[in-house]
Each structure stands twice: as structure tokens, then as C-alpha cells.
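J.: Show me the folded form of this:
(2 chains)
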Amino acid sequence: GAVVSQHPSWVICKSGTSVKIECRSLDFQATTMFWYRQFPKQSLMLMATSNEGSKATYEQGVEKDKFLINHASLTLSTLTVTSAHPEDSSFYICSARPFNTEAFFGQGTRLTVV
Amino acid sequence: QQPVQSPQAVILREGEDAVINCSSSKALYSVHWYRQKHGEAPVFLMILLKGGEQKGHEKISASFNEKKQQSSLYLTASQLSYSGTYFCGTEESAGTYKYIFGTGTRLKVLA
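T.: The predicted structure follows:
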């Protein structure tokens, strides 16, 4: 199966700072990747669709100025949480579907804002 | 709209069976089932594309109803390793590639 690598696995940052999370497709090219957020004991909520070479498409209710997505190459998408606050603490996970079959997920990033 | 899963949670003894349902308010293009362990990425179980389809492997199987609005996941003779949270990932139309995940079902198998 395809491999999606996400980094870092966990990060603790101070309130007001920004955090960047990377999502890489290791053995395939991904023109589209997806970013999800998951709060404890809840489902994965789609935040945005990351499109290589163009602007991301954000789901309703997701602040695009707060969650900056950049998909500069066919193997890398980044999510930057800007001016993070404690309520942004969550599990962030990316995915890609290289063959229009199942999705392959990164390992996820646990963000804690203190 | 997020598909609704039922039950929200279930506790089983090893060897018992369980059924998890995923219901959508509109017809779906496909349904994908995933299992997630705490703090880990979801793991793919299976995909259903056709109305009336049933498929499975080993002791885990799934069905997709004719109207393509409901899918069920069947776990038979459950094992401890089946514990986790099960999600259905749904596609509303072909070509978008994006999933909307269901509300989730927490399953715990006890020895």
C-alpha cells in the first residue's frame, strides 16, 4: 500500500505561536490531500482539501486564515496553525487517495497548546 | 452532512458478534470502513461501491443497501484485537475523493 508520512507526531507550543505540520506521500504523487481534525472521543472532521499548485478548499466553519495550507509539490502538503490557542489542541491527521480506492493516512499529530 | 452510526458504543465478550450501522440522509457513491485505535491513524477495512453489495474477509464483513444510504459492518466471533473505534467514511459523489466520516462506534472486546 501507499505510504503517507506526517511530522511531527506530537508538538507542544505556547499560546500565540504558530505550528507547522507536514504531510508527505513517500511512494506516490498526491495532487490532492485532505486534512482532518479529531477531538477526543469524536469523529474525524474534514477541515480542508489541499490541492497541489492551487488554493486549498476549506470546509464550512474552518477559518482559512488560521489554518494555512500549502501544497507546493506533488508529495508535500503543510498545515500551519497560526496564533494557536488552547482550543486548537487536537489530533490533526492528513490523508491521500492515490488510486481512488481507500485513503492512506499519516500517523497524525497531537497538538497541545499551553 | 455527517452520517450517523449506531450504536455509539458496544462492549462484547470474546467470541460474540456485533453489528455497526452507518446511515446517510442521501444516497452515497461509496462507503469505506475503518478501525482506529487510540492515538493512531485509521486502518482501512473495506470499501463498498454497489447497492446491494456484500463483502467480507475472515470474520469481518459489510453490506451496502440497495438505496445506497445505509451500510452495516458485521464482526463475528470477536477477538480482543477488534477493540477500537469504527468509522464509516462516505463519498457523496465520484471524483471528489474526499470522505465525510460517520459519528463513530466505540467497540471494546473483553476477555
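
J.: which secondary structure elements does the helix or strand of chain A with the lowest mean pLDDT contact?
T.: Sorting the helices and strands of chain A by mean pLDDT, DSSP states H and E puts strand A:104-105 at the bottom, at a mean of 90. If contacts are counted by 3 or more CB pairs under 8 Å, 6 or more residues apart in numbering or on different chains; DSSP states H and E, strand A:104-105 sits against strand A:90-96. Glycine gets a C-beta too; all of them are placed from N, C-alpha and C.

J.: what about the strand it packs on and chain B, any contact?
T.: Yes - Strand A:90-96 comes into contact with chain B (CB under 8 Å from any CB of the partner chain), by way of A:Phe91, A:Ile93, A:Ser95.

J.: Now find how far off-centre that strand is within its chain.
T.: Distance, stretch centre to chain centre, for strand A:90-96: 5 Å (CA atoms, centre = their mean, to the nearest Å).

J.: Quick check: neighbours of that strand in the sheet, parallel or antiparallel?
T.: Paired neighbours of strand A:90-96 in the sheet (DSSP bridges): strand A:32-38 (antiparallel), strand A:104-105 (antiparallel), strand A:109-113 (antiparallel).

J.: who's in contact with it?
T.: Strand A:90-96 has contacts (CB atoms under 8 Å, 6 or more residues apart in numbering or on different chains) with A:2, A:4, A:6, A:21, A:23, A:25, A:28, A:30, A:32-39, A:44, A:50, A:77, A:79, A:81, A:103-111, B:39, B:41, B:99.

J.: any idea how far A:Glu22 lies from A:Gly106?
T.: Separation of A:Glu22 from A:Gly106 (CB to CB, to the nearest Å): 9 Å.

J.: Give me the common contacts of the two.
T.: A:Gln6.

J.: Tell me the first helix or strand C-terminal of the lowest-mean-pLDDT helix or strand in chain B.
T.: Within chain B, confidence by mean pLDDT, DSSP H and E is lowest for strand B:54-57 among all helices and strands, at a mean of 87. Where DSSP states H and E defines the elements, the next helix or strand beyond strand B:54-57 is strand B:60-64.

J.: Mind exporting the C-alpha coordinates of that next one to CSV?
T.: Extracted in CSV, the C-alpha atoms of strand B:60-64 (Å, rounded to 0.1, in the frame of the first residue of the first chain):
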residue,chain,number,x,y,z
ILE,B,60,-15.4,-9.1,9.2
SER,B,61,-17.9,-8.3,6.5
ALA,B,62,-20.1,-5.4,5.4
SER,B,63,-23.1,-4.7,3.3
PHE,B,64,-24.5,-1.7,1.4
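
J.: sorry, back to before: from the residues of strand A:90-96 next to chain B, which is closest to chain B?
T.: A:Ile93 (6.2 Å; CB to the nearest CB).

J.: re earlier: distance between the least confident helix or strand of chain A and the chain's centre?
T.: Using CA atoms, centre = their mean, the mean C-alpha position of strand A:104-105 is found 12 Å from that of the whole chain.

J.: go on, stretch B:28-39?
T.: That offset, for stretch B:28-39, works out to 6 Å (CA atoms, centre = their mean).

J.: for stretch B:22-33, same thing?
T.: 10 Å.

J.: do the same with stretch B:56-63
T.: 10 Å.
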